[in-house]
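Trainee: Fold the following and give me the result.
(3 chains)
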Amino acid sequence: MPVTKVLTEGIGEANLRDIDVYRQRGGYVQWERAVRELTPAQVMEAADKSGLRGRGGAGFPTGRKWGFLPNNGKPRYLVCNCDEAEPGTFKDHMLLEQTPHLVLEGILLGAYGIGCTHAYIYIRGEFKEGYEIFTKALADARAAGMFGKKLFGTDYSLEVTAHRGAGAYICGEETGLLNSLEGKRGEPRLKPPFPAIAGLYGMPTVVNNVETLAYLVPVLKNGAEWFSSVGTERSKGYKIVSVSGHVQKPGNYEMPLGTTVREIIEIAGGLLPGRKFAAVQPGGQSSACIFEEHLDYPYDYESMAKAGSMLGSGAFTVFDDSTDFVKAAFNSVRFYAHESCGQCTPCREGGHWLERVLHRFVEGRGLASDLEMIERVGTTITGLNLCALGDSIEPFLISVFRRFKPQFEARIQREEAVGV
Amino acid sequence: MAQNFEFSLGERRALAPTGVIRLKMADAQELVNLTIDGVPLSVPKGTLLVEAAKQIKQEIPVYCYHTKLGPAGLCRVCLVEVEGMPKLQIGCNTPVAEGMVVHTQNAKVNAGRGMVLELLLVNHPLDCPICDKGGECDLQDYAMAYGRGSSDVADPKQSKPKGVDLGPTIVLDEERCVVCQRCVRYDDIIAAESQLVVKDRGHNDIIATATGDPYAHNFTGNVTELCPVGALTSKTYRFKSRPWDLVRTQTSCTQCAVGCQQFVDQRSGSLLRAQMVESDDRVSDGWLCDRGRYNIGFYTADDRITQPLYNDNGTFVQVGWDDALSMWAKAIREAQTAGKAIGAIGGGRLLNEEAYLLQHVFRAIGTQNLDWRAGRQAVATPARTGTYQDLEKAAAILMIGETPEERAPVMWLRVIKAVTRNGAKLIRVATADKAPNIAHVDAKSVEEALSLLPAQGQVVVVWDGIDTSVGAKIRDAMASRNGMGLIASEQPNARGAEAMGMLPASGGMDTGAMFDAAGRGELGALSLFGVNPVRNFSNPERARAALEATPFVVVSELFMTETARLATLVLPARGAYEKSGTVVNIAGDLLPVNASVQGPVGTLSDLEMLVGLAQQFGLPLPTVEELERTVIEKAATAGPVALRELHGEAAHDTIARPARTIWDGGGTAAHDPRITRMLADKMIPTELVEA
Amino acid sequence: MRKQLYNVGAILKGLSITFRFMFAKRPTIEYPSVKKQHAPRFHGLHELRRYADGKERCIGCELCSSACPANAITVIGAENTPEDRKSPGERHAARYEIDELRCIFCGMCEEACPTDAIVLTPRFEMSDYKRGALIYSKDRLLVPADAGVGAAPDERPNGIPGDLGRVAEIKSTTDIERGYSATNRGEILKKQTRGLAILPPQREDV
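Mentor: Okay, here's the model as predicted:
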């Protein structure tokens, strides 16, 4: 299947950061049309009918998510999650820096669709340049009358605020993000209540990914059927896949969902010369690895789940046979232990414990009893956590631990004595 | 004598708070049927599983959940299995649902809990032998009950600072912390101080103050009890004892007039700690202030008086009790013979039984010059008393006068609850005091404050009882709208003294009039019980002059106070933890006081002294049963007394006083070196420390 | 005649036992000039041990006192200060008293001790004329700092090691001078005595 260009259209060809260029290429037309001609319900319906699912990781149908908002007269908020911190994911980064107006138009459409009058975008702390680009885009769009009071002569007013985070992975979790946005410590909240009921400042809130919102623009332009006509039965439309790892041309590739894993590797230039395929992590650091037997699986939400992993945020990391999976597992666990907010026990203590054990393995000081411990602790802590971060420690670790166990066993210290 | 007052507590206990399970009542009327561990039960809709399980006496272990703080979902130890749900659920945040089938004990649940406990112990130090919590630690208990019994941990435990000085009252052991955040949430929700935060992240999480300043406010000690492990410990109790050494007594705190229920723990005659009674919803809502918790060391202070002292021309000499009592009686007889007045002041710091006997004995001796008032307060019983529950549910709270948040600290926690959680409007008549951390409106005058009241809803007035002209205004304004009042008295049992009749009647003199009479040389003998007018009277100089002019002054005290130094005879008294009886608190509840230690050898309770004095005069005394019955009767039937002005300058504060803090009242804190050291120059005014 | 000879034989037979024991080794030990060696794990007088660096092993945890079936041990803990560090860690025993009159020498304290601080030595002579002298407080229980480090309980040599004798030698303590009342137990008793009888008996039914 060929690479398609929907969101990525024009990137690298024109200076899409310039609002005039963006408008010449048809930008903000859908936004103006939506405000002038469409009701919010129609926008929501388009999102629902298109089959668009959350591109941030969980893959929850966007229209259904919006539908959870209660009609209780309270103000509603739309928060665009641009805290793209999942290792291996770099699509939002690109959209934010290369086509900020598309991102903004998506936010505006989403805000209109749920009937909110103040939308926020939470930008990852490390995206300094992206934040500056987007702030300028906001100023330009405001000057051009794209948002503000009484838009396009209607009664609808909308404000957009960009907020830059301070660099914590946990603030990409939607409730952690909301806490951080409120100025609190970036810790996930206890659910229920879910953000749709009590989110930002206790009000009904929708948190959507950058890519999800951006897809609203082409969906409105071309119609929901256009979007739902591609993809597989339950995974509709297009997806930007961030391919990284042991391939010849890593990068962002936009393609319809359902492209096979093998095809994606080929799109990215194939494996490095002379190497053999070992594993693919198809959905970011939080997903389990899939292996040779899954190479012909279509890259969609259901097939990835069937393969024991998930599509996640579309971070597609390829490992070839040169990979030291003990080191890779240690690196992954160290990341989660480092990024754990420390609120709940399994993630705080479990991550730290596994990190230390794997560190010993990396140094060749593993214990035979540790093998049983990794399996037991790794699998048991999943499902006990407050948020998804703690549950994300297990998939990669256990999938490679089971598949490449000899690599782990080779690191066991012969004498049963650890210098502890 | 004290033991004789361990009378049948049936009636008193009935008035005391009882343990009530607080259910989270979302919709109290609607009942939901479910099954927990095979036992069917019906609970109100919205009840959390952890509370529902208590109804069938099935414990679900918790660390971060607390009835008064609500669920946080952090510790993950309250795991239960709910049939139909693939993952284990946390009992603390899962509301009941119709037909729910819950298992709190099965292989799957135990595996999950065992895992959580194993994880908690990965970095928790096993220094239980030297931990203050060892023996009453939730982590120990649950690890024994639900733990695996073995662990695969082969790595060293993470090392963090121990014995971190968190503030004047608290020491933090960072290694032992399980990051349940109860303390952080308490500080936020209950105390509205928001000083404590979690710093750093992941396994490096530590509890600290947000600003790095010492953790100090009036309610810091509660976190030591909320802490499920030994991470937060009290400086005063640190390493003093193990829990199993302690002998526990439940009593009412008599440090201020709120009357919080508390447990007092003593070891071989020394009071070591006071702890909150969590089920005390009626009075304290389960909390204690730092004074009620920590100011117990003065009972064993070195400068406590333990012998009657006779002032022999400026030198105090020790005398025996027999001599002291006969000297006292002789002085009263001589004054009466000489046609001079005699009088007695006190009661606000005594128990009801003592206050009753005080007026009984002195009336029998033949005087009506009786008054409990020795400070600035003029009245202790409001026209219509509100309860603390009324305060909590009030639509508007009017705070008038001197810092009720410092005079009645735990009542202030109710105000916080009313304002921050129940949406009450708080109106203060502006004083120079620090502004509270919660939403409030400052008014310039009582009239302005009254005009700010919402048109509808219950109003509760919190007043200091000092300026009776203000009192009259409030009374008149409240009469039309059925408002309620709470008078934050400066003496703990002021209301009890008032109810027991320690007020001048039919031609008797009040405190001010007695002082005037003394100045004119008309007062022959004056007996003071637990009062210190030389320090606390509205015009201390006038009190000093009056006492100097009175030929025979008897002072019953624990310490050589400013007043006691002017006395002819000083009688060593017992404190409230050393005697049993009852008190009446601000809200009019009759509360039991139970002796937890015996007083030092040589001291007597005021009741015993009064009995001794009565015997000197050959007066008939009521029996214990009669006394008990009369006290209960009087406390129950005592209505509001007329707003009366303390003769002379009661309403006018003639001297500049340092801002009042919770540590002032009575000045006892100054006698405990632990407290003075702990609070250094932070909280106690210098004059108090030197006193 | 035969009968008489038989009698003589019986006498000689009886005397032979007497004479045999007359020359046999005598089991009586001439205590106190001669002292018997006890079994290595004999439960005698307690001692509190130190670490090699001279710090006290006892951390004041009171596990010995809670394990004691005779309720003979009193421990009161206190915090180590940076200036005066008595034991490793945060806590030490400010008071440590064993009432040897109550002690049944069962060794439960030794079992309970998490730091091997309290051990029972084979020393058994501790009779005295004063009751107070038999409440051993910390100054007599603690091995003197200059006496070196005692061996672990199970590795004790037979008999009475030299350094243990030193512990029991120290007797000129204030606690003995002031007697029973100087000890914690004495203090409690003192407090519990309500020494006042100023009021006639009828005060009981006031």
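Trainee: Any part of stretch B:215-229 near chain C?
Mentor: No. Taking Cβ under 8 Å from any Cβ of the partner chain as the criterion, stretch B:215-229 and chain C are apart, separated by no less than 15.4 Å. For the C-beta atoms, the positions are set from N, CA and C on the backbone; glycine is no exception.
Trainee: tell me the mean pLDDT over the top helix by length along chain C?
Mentor: Of all the segments of type helix in chain C, defined by DSSP state H, the longest one is helix C:2-23. For helix C:2-23, the mean per-residue pLDDT is 87.
Trainee: Run the chain-centre distance for that helix.
Mentor: Remark: helix C:2-23 is offset 49 Å from the chain centroid, using Cα atoms, centre = their mean, to the nearest Å.
Trainee: Give the other helices and strands that that helix contacts.
Mentor: Helix C:2-23 sits against no helix or strand, with contacts defined as 3 or more Cβ pairs under 8 Å, 6 or more residues apart in numbering or on different chains; DSSP states H and E.
Trainee: so where do the strands sit in the chain?
Mentor: No chain was given, so I picked chain A. Ranges of strands within chain A are A:77-82, A:118-123, A:159-164, A:205-209, A:238-245, A:251-256, A:277-281, A:315-320, based on DSSP state E.
Trainee: My question was about chain C, not that one.
Mentor: So, for chain C - with DSSP E - the strands run C:46-48, C:73-79, C:91-99, C:118-120, C:135-136.
Trainee: looking at the ones you listed, which is buried most?
Mentor: Mean neighbour count (mean count of other Cβ atoms under 10 Å in any protein chain shown) peaks for strand C:135-136 among the strands of chain C, with a mean of 26.
Trainee: Adjacent strands (with direction) for it?
Mentor: If you go by DSSP bridges, strand C:135-136 pairs up with strand C:91-99 (antiparallel).
Trainee: what's the partner strand in contact with?
Mentor: Counting by Cβ atoms under 8 Å, 6 or more residues apart in numbering or on different chains, strand C:91-99 makes contact with B:130, B:239, C:46, C:48, C:56, C:58-61, C:72-80, C:86-87, C:134-138, C:141-142, C:183-185, all of which sit outside it.
Trainee: do the same with stretch A:179-190
Mentor: A:79, A:120, A:122, A:163, A:165-166, A:168, A:170-171, A:173, A:175-178, A:200-201, A:341, A:343, A:386-387, A:389, B:71-73, B:93, B:197-198.
Trainee: Smallest gap between chain B and chain C, at which residue?
Mentor: Taking Cβ to the nearest Cβ as the measure, chain B has residue B:129 as its residue closest to chain C, at 3.4 Å.
Trainee: Measure how buried the nearest residue to that residue once chain neighbours are set aside is and give me the count.
Mentor: Distances taken as Cβ to Cβ, 6 or more residues apart in numbering or on different chains place residue C:61 nearest to residue B:129, at 3.4 Å, with adjacent residues excluded. Residue C:61 has 25 neighbouring residues, counting by other Cβ atoms under 10 Å in any protein chain shown.
Trainee: Kindly report the same for the one 5 residues further on.
Mentor: Residue C:66 has 17 neighbouring residues, counting by other Cβ under 10 Å.
Trainee: Enumerate every residue touching it.
Mentor: Under the criterion of Cβ under 8 Å, 6+ apart, the contact partners of residue C:66 comprise B:242, B:244, C:112.
Trainee: do the same with residue B:369
Mentor: Residue B:369 neighbours (Cβ under 8 Å, 6+ apart): B:341, B:342, B:343, B:344, B:504, B:508, B:509, B:513, B:514.
Trainee: what about stretch B:370-383, start to end distance?
Mentor: End-to-end distance for stretch B:370-383: 22 Å, by Cα to Cα, to the nearest Å.
Trainee: as a whole number, average confidence for it?
Mentor: Here the average pLDDT along stretch B:370-383 is 91.
Trainee: what's the answer for stretch A:404-417, then?
Mentor: Averaging the model's pLDDT scores along stretch A:404-417 yields 83.
Trainee: Outside of that stretch itself, list whatever touches it.
Mentor: With Cβ under 8 Å, 6+ apart as the contact definition, stretch A:404-417 has outside contacts at A:324-326, A:361-362, A:364-368, A:370-371, A:374, A:401.
Trainee: how about the spatially most central residue of chain A, phi and psi?
Mentor: With distances taken as Cα atoms, centre = their mean, chain A has residue A:56 as the residue nearest its mean C-alpha position (2.9 Å). Backbone geometry at residue A:56, expressed as degrees, to the nearest 10, gives phi -80, psi -20.
Trainee: now do residue B:299
Mentor: Per degrees, to the nearest 10, the backbone of residue B:299 is at phi -60, psi -30.
Trainee: right, and it touches residue B:579 too?
Mentor: No. Counting by Cβ atoms under 8 Å, residue B:299 does not reach residue B:579; the two are 11.6 Å apart.
Trainee: Pick out whichever of the two has more residues nearby.
Mentor: Neighbours per residue, other Cβ under 10 Å: of residue B:299 and residue B:579, the larger number sits with residue B:579, 27 against 24.
Trainee: wait, isn't that one in contact with residue B:607?
Mentor: Yes. Using Cβ under 8 Å, residue B:579 and residue B:607 qualify as a contacting pair, with a distance of 7.1 Å.
Trainee: If I look at the residue in the stretch 101-250 of chain A positioned nearest to chain C, what pLDDT would I see?
Mentor: The nearest approach of the stretch 101-250 of chain A to chain C comes at residue A:185, 30.1 Å away (Cβ to the nearest Cβ). Reading off the confidence values, residue A:185 has pLDDT 92.
Trainee: Tell me how far it lies from residue A:179.
Mentor: When Cβ to Cβ, to the nearest Å is applied, the distance between residue A:185 and residue A:179 equals 7 Å.
Trainee: Next: residue A:250.
Mentor: 34 Å.
Trainee: ok, stretch B:163-176 near chain A or not?
Mentor: No. Taking Cβ under 8 Å from any Cβ as the criterion, stretch B:163-176 and chain A are apart, separated by no less than 12.4 Å.
Trainee: what about that stretch and chain C, any contact?
Mentor: Yes. Between stretch B:163-176 and chain C, judged by Cβ under 8 Å from any Cβ, the touching residues are residue B:163.
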